[in-house]
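> How does the following fold in three dimensions:
(one chain, ligands or ions: 4)
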Amino acid sequence: MKRTKIKDLLSSTEFGRQVVVKGWVKTFRNDRFIAINDGSTLNNIQAVVDFEHTGEALLKRLTTGAAVSVTGELVESLGKGQRVEVKVTELEILGDSDAEKFPLQPKKHSLEFLREIAHLRFRTNTFNAVFKIRHHLAFAVHQFFYSKGFVYMHTPVITGSDAEGAGEMFRVSTIDFDNIPRNEDGTVDYTADFFGKPTNLTVSGQLEGELAAMAFSDIYTFGPTFRAENSNTTRHLAEFWMIEPEMAFYDIRDNMDLAEELLKYVIKTALENCPDELEFLRNRLLEEEKSKPQNERSDLDLIAKLNFCLENEFERLTYTEAVEVLRNSKPNQKKQFKYPIEGWGADLQSEHERYLVEKHYKKPVILTDYPADIKSFYMRLNDPDAQGRRTVRAMDILFPGIGEIVGGSQREERYDHLVGRMDEIGIPRHEMDWYLDTRRFGSVPHSGFGLGFERLVLFVTGMTNIRDVIPFPRTPKNAEF
Ligand code: ATP
Ligand code: MG
Ligand code: MG
Ligand code: MG
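Ligands and ions are numbered 1, 2, ... in the order given. Below you'll find the predicted structure:
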(Lines give C-alpha, C1' and ligand atoms only; values in the text may rest on other atoms or scores of the structure.)
(Ligands and ions follow the chains in the order given, each with its own letter.)
Protein backbone atom coordinates (compact mmCIF):
# COMPACT_ATOMS: atom_id res chain seq x y z
CA MET A 1 0.00 0.00 0.00
CA LYS A 2 1.22 3.50 -0.79
CA ARG A 3 1.71 5.98 2.02
CA THR A 4 -0.54 9.00 2.38
CA LYS A 5 0.90 12.30 3.49
CA ILE A 6 -0.24 13.46 6.90
CA LYS A 7 -1.56 16.76 5.57
CA ASP A 8 -4.01 14.85 3.38
CA LEU A 9 -5.01 12.43 6.13
CA LEU A 10 -5.80 15.22 8.58
CA SER A 11 -8.39 16.65 6.23
CA SER A 12 -9.75 13.26 5.16
CA THR A 13 -13.17 11.99 6.19
CA GLU A 14 -12.76 8.50 4.81
CA PHE A 15 -13.11 6.75 8.12
CA GLY A 16 -12.53 3.02 8.00
CA ARG A 17 -9.99 3.31 5.22
CA GLN A 18 -6.68 1.44 5.52
CA VAL A 19 -3.73 3.83 5.40
CA VAL A 20 0.04 3.82 5.62
CA VAL A 21 1.76 6.70 7.38
CA LYS A 22 5.50 7.27 7.33
CA GLY A 23 7.29 9.91 9.32
CA TRP A 24 9.24 10.75 12.44
CA VAL A 25 8.13 10.32 16.04
CA LYS A 26 7.55 13.62 17.80
CA THR A 27 6.33 12.13 21.07
CA PHE A 28 5.20 8.79 22.42
CA ARG A 29 2.87 8.90 25.43
CA ASN A 30 1.27 6.40 27.78
CA ASP A 31 2.64 3.44 25.81
CA ARG A 32 -0.16 4.14 23.36
CA PHE A 33 -0.09 7.43 21.50
CA ILE A 34 2.54 8.21 18.87
CA ALA A 35 2.55 11.71 17.41
CA ILE A 36 4.02 11.38 13.94
CA ASN A 37 5.10 14.16 11.61
CA ASP A 38 6.24 13.87 8.01
CA GLY A 39 6.88 17.54 7.29
CA SER A 40 3.87 17.94 5.00
CA THR A 41 2.14 19.98 7.72
CA LEU A 42 2.98 21.45 11.09
CA ASN A 43 0.39 19.17 12.65
CA ASN A 44 1.12 15.64 13.77
CA ILE A 45 -1.10 12.68 13.25
CA GLN A 46 -1.85 10.54 16.26
CA ALA A 47 -1.27 6.83 15.80
CA VAL A 48 -2.67 4.61 18.52
CA VAL A 49 -0.81 1.39 19.23
CA ASP A 50 -2.01 -1.51 21.25
CA PHE A 51 0.59 -2.61 23.80
CA GLU A 52 -0.33 -6.31 23.80
CA HIS A 53 -0.42 -6.50 20.09
CA THR A 54 2.79 -4.60 19.40
CA GLY A 55 5.04 -5.91 22.13
CA GLU A 56 7.29 -4.09 24.53
CA ALA A 57 10.51 -4.39 22.56
CA LEU A 58 9.15 -2.42 19.63
CA LEU A 59 7.49 0.22 21.80
CA LYS A 60 10.79 0.94 23.56
CA ARG A 61 12.20 2.01 20.23
CA LEU A 62 9.51 4.67 19.72
CA THR A 63 11.78 7.50 20.81
CA THR A 64 11.63 11.12 19.66
CA GLY A 65 13.24 11.39 16.24
CA ALA A 66 12.85 7.72 15.26
CA ALA A 67 11.51 7.06 11.75
CA VAL A 68 8.44 4.85 11.59
CA SER A 69 5.96 3.34 9.23
CA VAL A 70 2.50 2.54 10.55
CA THR A 71 -0.35 0.81 8.84
CA GLY A 72 -3.87 0.90 10.17
CA GLU A 73 -7.41 2.14 10.01
CA LEU A 74 -8.22 5.84 9.76
CA VAL A 75 -10.73 6.52 12.53
CA GLU A 76 -12.47 9.47 14.07
CA SER A 77 -10.54 10.66 17.10
CA LEU A 78 -12.21 10.99 20.47
CA GLY A 79 -9.26 12.85 21.93
CA LYS A 80 -8.98 16.60 22.08
CA GLY A 81 -7.04 18.52 19.46
CA GLN A 82 -7.43 16.22 16.49
CA ARG A 83 -10.23 15.02 14.26
CA VAL A 84 -8.69 11.80 12.99
CA GLU A 85 -6.20 9.21 14.14
CA VAL A 86 -4.79 5.91 12.96
CA LYS A 87 -5.59 2.70 14.77
CA VAL A 88 -2.35 0.84 14.20
CA THR A 89 -2.27 -2.79 13.08
CA GLU A 90 1.30 -2.83 11.86
CA LEU A 91 4.24 -0.86 13.18
CA GLU A 92 7.70 -0.81 11.69
CA ILE A 93 10.70 1.17 12.93
CA LEU A 94 12.49 2.39 9.83
CA GLY A 95 15.32 4.13 11.66
CA ASP A 96 16.08 4.21 15.37
CA SER A 97 16.99 7.42 17.16
CA ASP A 98 19.11 7.23 20.28
CA ALA A 99 17.04 9.16 22.80
CA GLU A 100 20.09 9.97 24.92
CA LYS A 101 21.94 11.57 22.05
CA PHE A 102 19.19 13.17 19.95
CA PRO A 103 19.47 16.90 20.66
CA LEU A 104 15.85 17.79 19.84
CA GLN A 105 13.54 16.93 22.68
CA PRO A 106 9.81 17.63 22.77
CA LYS A 107 10.25 21.07 24.33
CA LYS A 108 10.99 24.58 23.18
CA HIS A 109 14.60 25.15 22.20
CA SER A 110 16.17 28.60 21.82
CA LEU A 111 16.96 29.81 18.32
CA GLU A 112 20.59 30.24 19.41
CA PHE A 113 20.77 26.59 20.36
CA LEU A 114 19.07 25.53 17.14
CA ARG A 115 21.54 27.60 15.12
CA GLU A 116 24.31 25.50 16.63
CA ILE A 117 22.63 22.36 15.33
CA ALA A 118 21.50 23.91 12.07
CA HIS A 119 21.72 20.52 10.36
CA LEU A 120 18.87 19.23 12.56
CA ARG A 121 16.73 22.31 13.05
CA PHE A 122 14.64 21.47 9.97
CA ARG A 123 12.86 19.00 12.25
CA THR A 124 11.41 21.65 14.55
CA ASN A 125 8.01 23.26 14.07
CA THR A 126 9.53 26.74 13.96
CA PHE A 127 11.82 25.91 11.07
CA ASN A 128 9.20 23.80 9.36
CA ALA A 129 7.01 26.93 9.35
CA VAL A 130 9.78 29.32 8.31
CA PHE A 131 11.08 27.24 5.43
CA LYS A 132 7.59 26.38 4.23
CA ILE A 133 6.81 30.08 4.05
CA ARG A 134 10.13 30.68 2.31
CA HIS A 135 9.17 28.05 -0.25
CA HIS A 136 5.76 29.63 -0.87
CA LEU A 137 7.29 33.09 -1.18
CA ALA A 138 9.80 31.88 -3.77
CA PHE A 139 7.05 30.26 -5.77
CA ALA A 140 4.92 33.41 -5.52
CA VAL A 141 7.80 35.50 -6.88
CA HIS A 142 7.93 33.32 -9.98
CA GLN A 143 4.14 33.38 -10.31
CA PHE A 144 4.10 37.16 -10.14
CA PHE A 145 6.64 37.61 -12.92
CA TYR A 146 5.23 34.77 -14.98
CA SER A 147 1.79 36.37 -14.94
CA LYS A 148 3.31 39.62 -16.15
CA GLY A 149 5.22 37.99 -19.01
CA PHE A 150 8.69 38.54 -17.56
CA VAL A 151 11.38 36.14 -18.79
CA TYR A 152 13.29 34.30 -16.06
CA MET A 153 16.90 34.86 -17.06
CA HIS A 154 19.76 32.98 -15.42
CA THR A 155 22.67 35.33 -14.93
CA PRO A 156 26.11 33.88 -14.15
CA VAL A 157 27.34 32.96 -10.70
CA ILE A 158 30.98 33.38 -11.75
CA THR A 159 31.66 36.83 -13.18
CA GLY A 160 34.63 38.39 -14.88
CA SER A 161 33.84 42.01 -14.07
CA ASP A 162 34.28 43.73 -10.75
CA ALA A 163 32.71 47.10 -11.45
CA GLU A 164 30.36 46.58 -8.52
CA GLY A 165 30.97 45.50 -4.98
CA ALA A 166 34.67 46.28 -4.77
CA GLY A 167 36.01 44.79 -1.59
CA GLU A 168 33.00 42.55 -1.09
CA MET A 169 33.88 40.00 -3.74
CA PHE A 170 34.75 36.37 -3.25
CA ARG A 171 37.55 35.47 -5.62
CA VAL A 172 37.06 32.32 -7.73
CA SER A 173 40.33 30.69 -8.58
CA THR A 174 42.06 27.37 -9.18
CA ILE A 175 45.44 28.83 -8.31
CA ASP A 176 47.32 26.71 -5.81
CA PHE A 177 47.90 28.92 -2.76
CA ASP A 178 51.03 27.00 -1.88
CA ASN A 179 52.54 27.57 -5.27
CA ILE A 180 51.32 30.88 -6.66
CA PRO A 181 52.38 31.55 -10.27
CA ARG A 182 54.04 34.95 -10.49
CA ASN A 183 55.09 37.42 -13.14
CA GLU A 184 58.66 38.66 -13.21
CA ASP A 185 57.70 41.73 -11.17
CA GLY A 186 56.25 39.50 -8.42
CA THR A 187 52.56 40.09 -9.17
CA VAL A 188 50.21 37.10 -9.50
CA ASP A 189 50.14 35.66 -13.01
CA TYR A 190 46.41 35.31 -13.62
CA THR A 191 46.95 33.94 -17.11
CA ALA A 192 47.76 30.73 -15.25
CA ASP A 193 44.37 30.80 -13.52
CA PHE A 194 41.38 28.80 -14.79
CA PHE A 195 39.78 31.66 -16.73
CA GLY A 196 43.05 33.38 -17.53
CA LYS A 197 41.97 36.42 -15.52
CA PRO A 198 40.66 37.24 -12.05
CA THR A 199 37.04 36.16 -11.54
CA ASN A 200 34.56 36.52 -8.69
CA LEU A 201 31.29 35.19 -7.37
CA THR A 202 28.48 37.50 -8.43
CA VAL A 203 27.40 40.33 -6.12
CA SER A 204 24.42 41.13 -8.37
CA GLY A 205 23.06 39.95 -11.68
CA GLN A 206 21.97 43.42 -12.68
CA LEU A 207 24.54 44.35 -15.31
CA GLU A 208 24.03 41.05 -17.12
CA GLY A 209 20.28 41.40 -16.63
CA GLU A 210 20.37 44.72 -18.45
CA LEU A 211 21.82 43.00 -21.53
CA ALA A 212 18.83 40.67 -21.61
CA ALA A 213 16.29 43.43 -20.90
CA MET A 214 17.53 45.20 -24.01
CA ALA A 215 16.15 42.28 -26.01
CA PHE A 216 13.25 40.82 -23.99
CA SER A 217 12.00 44.09 -22.42
CA ASP A 218 11.14 42.50 -19.11
CA ILE A 219 13.33 39.94 -17.37
CA TYR A 220 14.19 38.91 -13.83
CA THR A 221 16.84 36.86 -12.14
CA PHE A 222 16.38 35.05 -8.86
CA GLY A 223 19.47 33.33 -7.62
CA PRO A 224 22.23 33.17 -5.06
CA THR A 225 24.37 36.25 -4.58
CA PHE A 226 27.64 36.49 -2.69
CA ARG A 227 29.14 39.26 -0.64
CA ALA A 228 32.10 39.03 1.68
CA GLU A 229 30.35 41.21 4.25
CA ASN A 230 32.94 41.51 6.96
CA SER A 231 30.57 42.73 9.64
CA ASN A 232 28.40 40.35 11.58
CA THR A 233 24.85 41.72 11.49
CA THR A 234 21.41 40.20 11.74
CA ARG A 235 20.64 41.50 8.23
CA HIS A 236 23.63 40.36 6.17
CA LEU A 237 24.68 36.98 4.85
CA ALA A 238 27.72 36.10 2.78
CA GLU A 239 25.43 34.04 0.52
CA PHE A 240 21.90 35.30 0.01
CA TRP A 241 19.24 35.12 -2.68
CA MET A 242 18.24 38.14 -4.66
CA ILE A 243 15.33 38.85 -6.97
CA GLU A 244 16.39 41.28 -9.67
CA PRO A 245 13.95 42.38 -12.35
CA GLU A 246 15.14 44.65 -15.15
CA MET A 247 12.66 46.42 -17.41
CA ALA A 248 13.13 48.37 -20.63
CA PHE A 249 10.88 51.42 -21.06
CA TYR A 250 10.34 51.76 -17.28
CA ASP A 251 11.09 55.00 -15.48
CA ILE A 252 11.67 55.32 -11.75
CA ARG A 253 7.95 55.66 -11.03
CA ASP A 254 7.10 52.48 -12.96
CA ASN A 255 9.93 50.82 -11.06
CA MET A 256 8.49 51.82 -7.68
CA ASP A 257 5.02 50.69 -8.71
CA LEU A 258 6.32 47.29 -9.75
CA ALA A 259 8.32 46.78 -6.56
CA GLU A 260 5.36 47.72 -4.36
CA GLU A 261 3.03 45.46 -6.35
CA LEU A 262 5.47 42.54 -6.14
CA LEU A 263 5.93 42.89 -2.37
CA LYS A 264 2.20 43.07 -1.79
CA TYR A 265 1.51 40.14 -4.08
CA VAL A 266 3.95 37.80 -2.38
CA ILE A 267 2.87 38.81 1.12
CA LYS A 268 -0.75 38.25 0.16
CA THR A 269 0.11 34.84 -1.27
CA ALA A 270 1.84 33.86 1.98
CA LEU A 271 -1.24 34.91 3.95
CA GLU A 272 -3.44 32.82 1.68
CA ASN A 273 -1.24 29.74 1.37
CA CYS A 274 0.41 29.50 4.77
CA PRO A 275 -2.31 30.24 7.35
CA ASP A 276 -1.19 27.49 9.75
CA GLU A 277 2.48 28.41 9.54
CA LEU A 278 1.77 32.12 10.06
CA GLU A 279 -0.56 31.41 12.95
CA PHE A 280 2.12 29.28 14.55
CA LEU A 281 4.78 31.96 14.18
CA ARG A 282 2.36 34.66 15.33
CA ASN A 283 1.70 32.76 18.55
CA ARG A 284 5.38 32.07 19.00
CA LEU A 285 6.07 35.80 18.83
CA LEU A 286 3.22 36.67 21.18
CA GLU A 287 4.55 34.15 23.70
CA GLU A 288 8.00 35.63 23.41
CA GLU A 289 6.58 39.06 24.15
CA LYS A 290 4.80 37.73 27.22
CA SER A 291 8.07 36.52 28.65
CA LYS A 292 9.49 40.06 28.53
CA PRO A 293 9.02 42.67 31.26
CA GLN A 294 5.80 44.64 30.73
CA ASN A 295 7.48 47.88 29.64
CA GLU A 296 9.54 46.16 26.95
CA ARG A 297 6.66 44.30 25.35
CA SER A 298 5.37 45.23 21.93
CA ASP A 299 1.85 44.54 20.82
CA LEU A 300 3.08 43.25 17.50
CA ASP A 301 0.74 40.81 15.82
CA LEU A 302 2.45 39.20 12.85
CA ILE A 303 -0.68 38.65 10.77
CA ALA A 304 -2.04 42.12 11.51
CA LYS A 305 1.32 43.57 10.48
CA LEU A 306 1.23 41.75 7.13
CA ASN A 307 -2.35 42.82 6.46
CA PHE A 308 -1.48 46.41 7.34
CA CYS A 309 1.30 46.30 4.77
CA LEU A 310 -1.16 45.11 2.11
CA GLU A 311 -3.79 47.70 2.88
CA ASN A 312 -1.63 50.81 2.92
CA GLU A 313 0.25 52.61 0.20
CA PHE A 314 3.95 52.84 0.83
CA GLU A 315 5.10 56.35 1.71
CA ARG A 316 7.15 57.84 -1.12
CA LEU A 317 9.59 60.69 -0.58
CA THR A 318 12.94 61.93 -1.80
CA TYR A 319 16.21 61.68 0.06
CA THR A 320 16.19 65.49 0.35
CA GLU A 321 12.74 65.42 1.99
CA ALA A 322 13.84 62.61 4.29
CA VAL A 323 16.88 64.58 5.41
CA GLU A 324 14.57 67.47 6.35
CA VAL A 325 12.30 65.17 8.36
CA LEU A 326 15.31 63.65 10.10
CA ARG A 327 17.01 66.98 10.78
CA ASN A 328 13.89 68.24 12.53
CA SER A 329 13.20 64.99 14.33
CA LYS A 330 13.27 64.67 18.11
CA PRO A 331 16.12 62.16 18.26
CA ASN A 332 18.24 64.43 16.07
CA GLN A 333 17.51 67.53 18.11
CA LYS A 334 18.05 65.67 21.36
CA LYS A 335 21.29 64.25 19.93
CA GLN A 336 20.05 60.67 20.29
CA PHE A 337 21.26 59.58 16.87
CA LYS A 338 24.73 58.09 16.87
CA TYR A 339 25.25 59.83 13.53
CA PRO A 340 23.43 63.16 13.75
CA ILE A 341 21.97 64.52 10.52
CA GLU A 342 23.68 67.80 9.92
CA GLY A 343 23.34 68.47 6.26
CA TRP A 344 22.72 67.07 2.85
CA GLY A 345 24.88 64.45 1.20
CA ALA A 346 25.71 61.70 3.68
CA ASP A 347 24.26 58.22 3.37
CA LEU A 348 21.45 57.40 5.77
CA GLN A 349 22.35 55.03 8.58
CA SER A 350 20.06 52.27 9.73
CA GLU A 351 19.05 54.32 12.81
CA HIS A 352 17.75 57.01 10.43
CA GLU A 353 15.93 54.51 8.23
CA ARG A 354 14.36 52.92 11.29
CA TYR A 355 13.21 56.27 12.59
CA LEU A 356 11.51 57.13 9.29
CA VAL A 357 9.76 53.78 8.97
CA GLU A 358 9.00 52.81 12.54
CA LYS A 359 8.48 56.14 14.26
CA HIS A 360 7.63 58.80 11.72
CA TYR A 361 5.62 57.22 8.90
CA LYS A 362 4.89 53.91 10.65
CA LYS A 363 4.72 52.06 7.35
CA PRO A 364 6.95 50.99 4.45
CA VAL A 365 8.77 53.91 2.87
CA ILE A 366 10.25 54.34 -0.60
CA LEU A 367 13.12 56.82 -0.69
CA THR A 368 14.24 58.21 -4.04
CA ASP A 369 16.67 60.64 -5.63
CA TYR A 370 19.77 60.11 -3.51
CA PRO A 371 22.95 62.17 -3.86
CA ALA A 372 24.86 60.85 -6.86
CA ASP A 373 28.07 60.58 -4.88
CA ILE A 374 26.78 57.87 -2.54
CA LYS A 375 25.17 55.70 -5.22
CA SER A 376 26.35 53.52 -8.08
CA PHE A 377 27.70 54.76 -11.40
CA TYR A 378 24.91 53.25 -13.50
CA MET A 379 22.04 55.23 -11.93
CA ARG A 380 20.23 57.88 -13.99
CA LEU A 381 21.44 61.39 -13.18
CA ASN A 382 18.77 64.00 -12.55
CA ASP A 383 19.26 67.55 -13.71
CA PRO A 384 21.03 69.45 -10.90
CA ASP A 385 18.60 71.07 -8.45
CA ALA A 386 18.35 74.83 -7.70
CA GLN A 387 21.40 74.58 -5.43
CA GLY A 388 23.32 72.67 -8.08
CA ARG A 389 23.19 69.39 -6.16
CA ARG A 390 23.47 66.19 -8.16
CA THR A 391 21.04 63.39 -7.45
CA VAL A 392 20.34 60.05 -9.12
CA ARG A 393 17.06 58.25 -9.66
CA ALA A 394 17.78 55.64 -7.00
CA MET A 395 15.09 54.05 -4.89
CA ASP A 396 15.41 52.18 -1.62
CA ILE A 397 12.43 50.50 -0.02
CA LEU A 398 12.57 50.42 3.77
CA PHE A 399 10.45 48.03 5.82
CA PRO A 400 9.57 48.18 9.52
CA GLY A 401 11.85 45.96 11.56
CA ILE A 402 13.99 45.22 8.52
CA GLY A 403 15.42 48.44 7.10
CA GLU A 404 16.41 48.27 3.44
CA ILE A 405 14.61 45.45 1.67
CA VAL A 406 14.90 46.73 -1.92
CA GLY A 407 17.58 48.77 -3.66
CA GLY A 408 16.99 49.88 -7.21
CA SER A 409 17.12 52.68 -9.73
CA GLN A 410 16.32 53.97 -13.14
CA ARG A 411 19.49 53.28 -15.11
CA GLU A 412 21.58 55.86 -16.94
CA GLU A 413 20.67 55.24 -20.55
CA ARG A 414 22.79 58.06 -22.05
CA TYR A 415 26.20 56.82 -23.17
CA ASP A 416 28.05 60.10 -22.51
CA HIS A 417 26.72 60.50 -19.02
CA LEU A 418 27.46 56.88 -18.18
CA VAL A 419 31.09 56.94 -19.29
CA GLY A 420 31.45 60.34 -17.59
CA ARG A 421 30.45 58.75 -14.30
CA MET A 422 32.72 55.75 -14.89
CA ASP A 423 35.68 58.03 -15.54
CA GLU A 424 34.88 59.98 -12.38
CA ILE A 425 34.93 56.84 -10.25
CA GLY A 426 37.83 55.26 -12.08
CA ILE A 427 36.17 52.29 -13.75
CA PRO A 428 38.24 51.49 -16.87
CA ARG A 429 36.04 51.77 -19.97
CA HIS A 430 37.67 48.81 -21.73
CA GLU A 431 36.63 46.46 -18.90
CA MET A 432 32.99 47.43 -19.36
CA ASP A 433 32.85 47.49 -23.11
CA TRP A 434 30.26 44.72 -23.23
CA TYR A 435 28.04 46.75 -20.89
CA LEU A 436 28.52 49.98 -22.80
CA ASP A 437 27.22 48.28 -25.94
CA THR A 438 23.74 48.43 -24.41
CA ARG A 439 24.07 52.22 -24.56
CA ARG A 440 25.68 52.24 -28.01
CA PHE A 441 23.03 50.22 -29.79
CA GLY A 442 19.39 51.08 -29.23
CA SER A 443 19.64 52.43 -25.70
CA VAL A 444 16.32 53.12 -23.98
CA PRO A 445 15.27 54.31 -20.53
CA HIS A 446 15.14 51.29 -18.26
CA SER A 447 14.96 50.41 -14.61
CA GLY A 448 15.34 47.59 -12.17
CA PHE A 449 15.81 46.67 -8.55
CA GLY A 450 17.16 44.03 -6.22
CA LEU A 451 14.93 42.55 -3.55
CA GLY A 452 16.81 40.66 -0.85
CA PHE A 453 14.87 37.43 -0.54
CA GLU A 454 15.95 36.65 3.03
CA ARG A 455 14.94 40.12 4.18
CA LEU A 456 11.52 39.45 2.71
CA VAL A 457 11.35 36.11 4.53
CA LEU A 458 12.41 37.88 7.75
CA PHE A 459 9.56 40.34 7.39
CA VAL A 460 6.91 37.75 6.60
CA THR A 461 7.93 35.25 9.28
CA GLY A 462 8.67 37.83 11.98
CA MET A 463 12.04 36.21 12.63
CA THR A 464 14.74 38.64 13.73
CA ASN A 465 18.01 37.05 12.65
CA ILE A 466 18.71 36.47 8.97
CA ARG A 467 20.53 33.23 9.87
CA ASP A 468 17.16 31.79 10.82
CA VAL A 469 15.45 32.25 7.46
CA ILE A 470 17.95 30.54 5.14
CA PRO A 471 18.42 26.77 5.34
CA PHE A 472 22.22 26.88 5.24
CA PRO A 473 23.49 30.22 6.51
CA ARG A 474 26.87 31.47 5.38
CA THR A 475 28.40 34.13 7.61
CA PRO A 476 31.99 34.96 8.62
CA LYS A 477 33.71 31.89 10.09
CA ASN A 478 30.60 29.82 9.51
CA ALA A 479 30.32 27.36 6.65
CA GLU A 480 30.24 24.07 8.45
CA PHE A 481 28.45 22.03 5.81
P1 ATP B 1 22.68 47.10 2.87
O2 ATP B 1 22.64 48.60 2.84
O3 ATP B 1 21.68 46.51 3.79
O4 ATP B 1 24.08 46.55 3.08
P5 ATP B 1 22.96 47.15 0.06
O6 ATP B 1 22.51 48.55 -0.22
O7 ATP B 1 24.41 46.87 0.15
O8 ATP B 1 22.24 46.61 1.42
P9 ATP B 1 22.01 46.34 -2.53
O10 ATP B 1 23.30 46.26 -3.26
O11 ATP B 1 21.13 47.50 -2.75
O12 ATP B 1 22.29 46.13 -0.97
O13 ATP B 1 21.23 44.95 -2.80
C14 ATP B 1 19.83 44.86 -2.98
C15 ATP B 1 19.15 44.15 -1.82
O16 ATP B 1 19.79 42.93 -1.48
C17 ATP B 1 19.19 44.93 -0.53
O18 ATP B 1 18.18 45.91 -0.52
C19 ATP B 1 18.95 43.85 0.50
O20 ATP B 1 17.58 43.52 0.57
C21 ATP B 1 19.67 42.67 -0.09
N22 ATP B 1 21.01 42.47 0.49
C23 ATP B 1 22.12 43.18 0.25
N24 ATP B 1 23.18 42.69 0.89
C25 ATP B 1 22.73 41.60 1.56
C26 ATP B 1 23.36 40.63 2.40
N27 ATP B 1 24.65 40.68 2.65
N28 ATP B 1 22.60 39.65 2.92
C29 ATP B 1 21.28 39.59 2.65
N30 ATP B 1 20.63 40.46 1.86
C31 ATP B 1 21.34 41.46 1.31
MG1 MG C 1 25.63 46.48 1.72
MG1 MG D 1 22.11 50.04 1.33
MG1 MG E 1 21.06 49.25 -1.60
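
> quick one: buried residues of stretch 96-112?
Under the neighbour-count criterion of 16 or more other C-beta atoms under 10 Å, stretch 96-112 has Ser97, Leu104, Leu111 buried. (Glycine included, C-beta is placed from N, CA and C.)

> contact partners of it?
For stretch 96-112, the surrounding residues in contact (C-beta atoms under 8 Å, 6 or more residues apart in numbering) are 24-27, 61, 63-67, 117, 120, 123-124, 126, 463, 465, 468.

> try 10 Å
With contact meaning C-beta atoms under 10 Å, 6 or more residues apart in numbering, stretch 96-112 is reached by 24-29, 35, 60-68, 113-114, 116-117, 120-121, 123-127, 284, 287-288, 463-465, 467-468.

> and that stretch, how far apart are its ends?
This stretch, stretch 96-112, spans 27 Å end to end (C-alpha to C-alpha, to the nearest Å).

> Which members of the contacts of stretch 96-112 are positioned in helices?
Lys60, Phe113, Leu114, Glu116, Asn125, Thr126, Phe127, Arg284, Glu287, Glu288 (DSSP state H).

> quick one: which of the residues you listed is nearest to Ala213?
Phe127 (36.5 Å; C-beta to C-beta).

> what is the rounded mean pLDDT of stretch 263-271?
Summarised as a single mean, pLDDT over stretch 263-271 is 98.

> In it, which residues are buried?
For stretch 263-271, burial by neighbour count (16+ other C-beta under 10 Å) applies to Leu263, Lys264, Tyr265, Val266, Ile267, Thr269, Ala270.

> Give me the distance between the residue of the chain most remote from its centre and ligand 1.
Distance to the chain centre peaks in the chain at Glu52, reaching 50.0 Å (criterion: C-alpha atoms, centre = their mean). Between Glu52 and ligand 1 the computed distance is 56 Å (C-beta to the nearest ligand atom, to the nearest Å).

> Which of the three states applies to that residue?
Put simply, Glu52 is helix when judged by DSSP: H, G, I helix; E, B strand; the rest coil.

> tally of neighbours for Glu480?
10 (other C-beta atoms under 10 Å).

> got it, and Glu277?
Glu277 has 24 nearby residues by other C-beta under 10 Å.

> And for it, nearest residue in space, chain neighbours not counted?
Of all residues not flanking Glu277 in the chain, Ala129 sits nearest, at 3.9 Å (C-beta to C-beta, 6 or more residues apart in numbering).

> surely the one you found meets Asn43?
No - applying C-beta atoms under 10 Å, one finds Ala129 not in contact with Asn43, separated by 11.4 Å.

> Which one of the ones in helices among the contacts of stretch 96-112 is nearest to ligand 1?
Taking C-beta to the nearest ligand atom as the measure, ligand 1 sits nearest to Phe127 out of the ones in helices among the contacts of stretch 96-112, at 18.6 Å.

> from the buried residues of stretch 263-271, which ones fall inside strands?
In strands, judged by DSSP state E, none of the buried residues of stretch 263-271 are found.

> Would you format those as TSV with distance to Lys292 included?
TSV is the format used below for the buried residues of stretch 263-271 (distance: C-beta to C-beta, whole Å):
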residue	distance to Lys292
Leu263	29
Lys264	31
Tyr265	34
Val266	30
Ile267	26
Thr269	31
Ala270	26
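
> sorry, back to before: lowest-confidence one in the buried residues of stretch 96-112?
Leu104 (92).

> In space, what's closest to Met463 - neighbours in sequence excluded?
Val469 (5.3 Å).

> quick revisit: which residues are common contacts for Ala129 and Asn43?
In contact with both Ala129 and Asn43: Asp276, Phe280, using C-beta under 10 Å, 6+ apart.

> So for these two, which sits in the more crowded spot?
The residue with more neighbours, out of Ala129 and Asn43, is Ala129; 21 against 17, by other C-beta under 10 Å.

> That one looks like it's in a helix, true?
Yes - counting by three-state DSSP, Ala129 is located in a helix.

> Give the helix, strand or coil label for the closest residue to Arg123 other than its chain neighbours.
The shortest distance from Arg123 to any non-neighbouring residue, by C-beta to C-beta, 6+ apart, is to Leu104 (5.8 Å). Under three-state DSSP, Leu104 falls in the coil class.

> Check the stretch 301-450 of the chain for the residue nearest ligand 1 and tell me.
Gly407 (2.4 Å).

> My read is that Leu451 contacts Ala259, right?
Yes - taking contacts as C-beta under 10 Å, Leu451 lies within contact range of Ala259: 7.1 Å.

> which residues are in contact with both of those two?
Contacts common to Leu451 and Ala259, judged by C-beta under 10 Å, 6+ apart, are Ile243, Pro245, Ile397, Ile405, Val406, Gly408.

> what distance separates stretch 196-210 from the middle of the whole chain?
Its chain's average C-alpha position is 21 Å from that of stretch 196-210, according to C-alpha atoms, centre = their mean, to the nearest Å.

> For the stretch 151-300 of the chain, what lies in contact range of ligand 1?
Arg227, Glu229, Arg235, His236, Leu237, Phe240, Met242 (C-beta under 6 Å from any ligand atom).

> Try it again at 8 Å.
164-165, 203-204, 225, 227, 229, 235-238, 240, 242 (C-beta under 8 Å from any ligand atom).

> Mind giving me the PyMOL select for the residues you listed, buried ones only?
Here is the PyMOL selection string for the buried members of these, based on 16+ other C-beta under 10 Å:
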select buried, resi 164+165+203+204+225+227+229+235+236+237+238+240+242
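
> Which of the residues of the stretch 151-300 of the chain next to ligand 1 scores worst on pLDDT?
Gly165 (63).

> thought Thr422 was touching Asp433?
Rather than Thr, residue 422 is Met. No - applying C-beta under 10 Å as the test, Met422 and Asp433 come out as separate, 11.2 Å apart.

> same for the helix or strand bottoming out on mean pLDDT in the chain, what does it pack against?
Lowest on mean pLDDT, DSSP states H and E among the helices and strands of the chain sits helix 51-54, with a mean of 78. Contact here means 3 or more C-beta pairs under 10 Å, 6 or more residues apart in numbering; DSSP states H and E; on that basis helix 51-54 packs against strand 84-95.

> Would you mind pulling the contact partners of the helix or strand harbouring Ala304?
For Ala304, the enclosing helix or strand under DSSP states H and E is helix 302-311. Residues outside helix 302-311 that contact it (C-beta under 10 Å, 6+ apart) are 263-265, 267-268, 270-271, 275, 278-286, 301, 362-364, 399-401, 459-462.

> Roughly how far does Phe226 sit from Arg171?
Distance, Phe226 to Arg171, by C-beta to C-beta, to the nearest Å: 11 Å.

> That concludes my questions; thank you for your assistance.
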